[in-house]
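Asks: just need the structure, nothing else, for what follows:
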Amino acid sequence: MSTTQSERLRELLEPLVTSQGLDLEEIAVDSVGRKRVLRVVVDSDTGADLDQIADVSRALSAKLDESDAMGAGEYTLEVGTPGAERLLKEHRHYVRAVDRLVKFQLTEGGELVARILKVDDDGLDLEVPGVKGRKATARRLAFSEVDKARVQVEFSRKDKNEEEA
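Replies: Sure, this is the predicted structure:
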């Protein structure tokens, strides 16, 4: 049996989120002054649009209203998707980040910024951007070599369709 409020909330809400075609990525209960905020982060392989977020928010709100999982006090429910610079923790996160630039903190120390080209059960095939006019290089990185990985925001990257045109 779960002991923490977050675990109880996950057990209650995850089946509902999954039934909406989404993954429950994160649950956090924070105190903001005298108020409590329940933050629920959802995602899917194709992303989640505003209509899906609204639908799952209504479903979660109804489920929470019929349970005592949040206790008697008032709280605010916030449902959203991971941010642009999301931390990659699960295998599915890496799969969703294919073609994205990622900053890796390596277990042996040091950092690597590279684009994920392919993900399999053992690790990642990467493209390390060239520096000062040099060509990009390929690199294989095992999951065991990754301490942390975070997607990087790119403002000037050309869309694949533009490159092919």
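Asks: and stretch 118-135, what's buried?
Replies: Going by neighbour count (16 or more other Cβ atoms under 10 Å), the buried part of stretch 118-135 is 119, 123-127. For every residue, glycine as well, the C-beta is placed using N, CA and C.
Asks: meant to ask about stretch 38-51
Replies: Those would be 38, 40-44, 48, for stretch 38-51 by 16+ other Cβ under 10 Å.
Asks: nearest to residue 6, out of those residues: which one, please.
Replies: residue 38 (9.7 Å; Cβ to Cβ).
Asks: separation between the closest one and residue 19?
Replies: Separation of residue 38 from residue 19 (Cβ to Cβ, to the nearest Å): 19 Å.
Asks: try residue 146
Replies: Applying Cβ to Cβ to residue 146 and residue 19 gives a distance of 32 Å.
Asks: now do residue 154
Replies: Separation of residue 154 from residue 19 (Cβ to Cβ) stands at 34 Å.
Asks: and the residue of the chain most remote from its centre, helix, strand or coil?
Replies: The outermost residue of the chain relative to its centre, with distances by Cα atoms, centre = their mean, is residue 133 at 32.8 Å. Assigned with DSSP: H, G, I helix; E, B strand; the rest coil, residue 133 falls in the coil class.
Asks: read off the pLDDT value for it.
Replies: Note for residue 133: predicted pLDDT of 79.
Asks: out of the buried residues of stretch 38-51, which one sits closest to residue 115?
Replies: When the buried residues of stretch 38-51 are compared against residue 115 (criterion: Cβ to Cβ), the nearest one is residue 43, at 20.2 Å.
Asks: thinking again about what came up before, who's more crowded, residue 146 and residue 19?
Replies: Neighbours around residue 146 and residue 19, counted as other Cβ atoms under 10 Å, are more numerous at residue 146. The numbers are 18 against 10.
Asks: phi and psi next, for residue 155.
Replies: As for residue 155, its main-chain torsions (degrees, to the nearest 10) stand at phi -100, psi -30.
Asks: pull up the gap between it and residue 84, please.
Replies: Taking Cβ to Cβ, one finds residue 155 at 11 Å from residue 84.
Asks: repeat that for residue 107.
Replies: Residue 107 is 25 Å from residue 84, where distance means Cβ to Cβ.
Asks: for the record, mean pLDDT for the strand or helix carrying residue 37?
Replies: Following DSSP states H and E, one finds residue 37 within strand 35-43. Taken as a whole, strand 35-43 has a mean pLDDT of 91.
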